[in-house]
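Visitor: Generate coordinates for the sequence data below:
(one chain, ligands or ions: 1)
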Amino acid sequence: MGRLDGKVAIVTGGAQGQGAGIVRSFLAEGAKVVIADIAKEEGQALADELGANTHFMAHDVSDEASWTALVEDTNTRFGPVNVLANNAGILRFGDIERMGTDEVELLWRINQLGCFLGMQAVTRTMRKNGGGSIINASSVEGLAGMAGCTAYAATKWAIRGMTKCAAMELGPKGIRVNSVHPGMIDTPMTRVHGGDAAMEYGASRVPLRRVGYPEDVAPLYVFLASDESGYINGAEIAIDGGVTSTHAFGG
Ligand SMILES: NC(=O)c1ccc[n+]([C@@H]2O[C@H](COP(=O)([O-])OP(=O)(O)OC[C@H]3O[C@@H](n4cnc5c(N)ncnc54)[C@H](O)[C@@H]3O)[C@@H](O)[C@H]2O)c1
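Guide: Down below sits the predicted model:
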């Protein structure tokens with residue numbers, strides 16, 4: 001018996017990084033999984049590797065029509081979607097003085113609007129088919145501040161806030177909505193900003209003295225997707241090695 005037997009999941013940003021880890025873990029626990037991503041080559045290669053209970057679909061989270069097509073295809077292919085891992089996101093650093101409006105808007109469109117559109121797209125199906133679980137990827141930047149991160153953090157705080165409102169609104173319809181707040185996780189997103197040196201620095205700042213890996217994060221998604229978390233709704237869960245436990249003078 002898998003912990004996600006009978007679940008039909010969409011994982012956005014599922015082609016690589018944390019998303020790919022979530023896809024693998026959902027599949028291992030018995031779910032049928034649609035990998036949704038703009039990265040076509042990586043997404044298709046993962047689906048080919050994992051076999052018939054996965055399917056890749058090219059998808060842009062910031063595009064409403066793309067969501068309609070994704071949910072319709074998932075419902076037809078695997079049955080009504082009852083788990084959404086709203087995981088896709090982008091990271092851009094930039095000083096307030098210098099950051100361009102185009103980059104701020106891109107962050108907003110993909111991270112914040114994308115998360116909203118995802119919740120909107122699956123609600124009808126979940127409501128009509130006995131409920132579901134939506135897991136929104138925020139960040140430690142949705143719990144605390146970091147210099148050079150204002151535009152990104154705005155989207156991650158928005159996701160945390162939207163999660164609370166959605167939990168209130170969708171709870172009566174049997175849909176649970178929770179947010180996940182990873183610390184520094186070793187993925188293409190973070191590696192691009194300084195490689196091994198950045199990972200080593202990051203590790204030195206964490207109480208557990210290491211960065212996280214997609215395999216650390218995926219079990220939390222499995223738990224929140226499963227019926228084991230059936231009374232958890234509107235929660236924000238840090239998965240950060242303890243990095244947000246300090247008031248910054250802690251060291
Ligand atoms: N890596 C970290 O340290 C970290 C920490 C906290 C939160 N997060 C968040 O976790 C989530 C996953 O991050 P990751 O580290 O795996 O990043 P990643 O860059 O390794 O993977 C992100 C995936 O999202 C996809 N994507 C980007 N734009 C998209 C779009 N418009 N539509 C669909 N897919 C799109 C990418 O192609 C990629 O496959 C993100 O929301 C990120 O903000 C990451």
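Visitor: residues contacting Phe78?
Guide: Neighbouring residues of Phe78 by CB atoms under 8 Å, 6 or more residues apart in numbering: 8, 32, 34, 55. For every residue, glycine as well, the C-beta is placed using N, CA and C.
Visitor: how about the residues of this protein near the ligand?
Guide: 12-13, 15-19, 37-39, 59-62, 87-91, 110, 137, 139, 182, 184-185, 187-190 (CB under 6 Å from any ligand atom).
Visitor: burial of the closest residue in space to Leu208 that isn't next to it in sequence, as a residue count?
Guide: Spatial nearest neighbour of Leu208, excluding adjacent residues (CB to CB, 6 or more residues apart in numbering): Gly241 at 3.8 Å. Neighbours of Gly241 under the rule other CB atoms under 10 Å: 23.
Visitor: helix, strand or coil for Arg176?
Guide: Under the three-state scheme (DSSP: H, G, I helix; E, B strand; the rest coil), Arg176 adopts strand.
Visitor: Backbone torsions only: list them for the closest residue to it other than its chain neighbours.
Guide: Of all residues not flanking Arg176 in the chain, Asn233 sits nearest, at 4.4 Å (CB to CB, 6+ apart). Asn233 adopts backbone torsions of phi -150, psi 130, taken as degrees, to the nearest 10.
Visitor: gap between the two ends of stretch 26-33?
Guide: 7 Å (CA to CA, to the nearest Å).
Visitor: May I see the contacts of Phe78 arranged in TSV, with distance to Ala121, neighbour count and pLDDT as well?
Guide: Listed next are these as TSV, based on distance: CB to CB, whole Å; neighbours: other CB atoms under 10 Å; pLDDT from 0 to 100:
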residue	distance to Ala121	neighbour count	pLDDT
Val8	14	23	99
Lys32	18	22	98
Val34	12	27	99
His55	17	18	98
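Visitor: for these, which one is nearest Val206?
Guide: Val34 (32.9 Å; CB to CB).
Visitor: how close does the closest one sit to the ligand?
Guide: 12 Å (CB to the nearest ligand atom, to the nearest Å).
Visitor: With Gly145 instead?
Guide: 14 Å.
Visitor: So what touches stretch 92-104?
Guide: 106-107, 148-152, 193.
Visitor: Least confident of the residues you listed?
Guide: Lowest pLDDT of the contacts of stretch 92-104: His193, 90.
Visitor: tally of neighbours for that one?
Guide: 11.
Visitor: And for it, nearest residue in space, chain neighbours not counted?
Guide: Phe93 is the one closest to His193 (CB to CB, 6+ apart), at 7.1 Å.
Visitor: Double-check that the one you found belongs to a strand.
Guide: No: with three-state DSSP as the criterion, Phe93 is assigned coil and is not in a strand.
Visitor: For it, grab phi and psi.
Guide: Torsion angles, degrees, to the nearest 10, at Phe93: phi -90, psi 150.
Visitor: residue in the stretch 51-200 of the chain nearest to the ligand?
Guide: Gly89 (2.3 Å; CB to the nearest ligand atom).
Visitor: Count residues in the vicinity of that residue, would you?
Guide: That count, for Gly89 with other CB under 10 Å as the rule, works out to 25.
Visitor: What separation is there between the residue lying closest to it once chain neighbours are set aside and Met99?
Guide: Once flanking residues are discounted, Gly89 sits nearest to Asn111: 4.8 Å by CB to CB, 6+ apart. Asn111 sits at a distance of 15 Å from Met99 (criterion: CB to CB, to the nearest Å).
Visitor: Which one's more surrounded, these two?
Guide: Asn111 (27 against 17).
Visitor: Just list the residues touching the more buried one, thanks.
Guide: Asn111 neighbours (CB under 8 Å, 6+ apart): 89-90, 152, 155-156, 158-159.
Visitor: Go through these and name the one nearest Ala144.
Guide: Once CB to CB is applied, the member of the contacts of Asn111 that ends up nearest Ala144 is Lys156, at 10.3 Å.
Visitor: quick one: that closest one is in a helix?
Guide: Yes: Lys156: assigned to a helix according to three-state DSSP.
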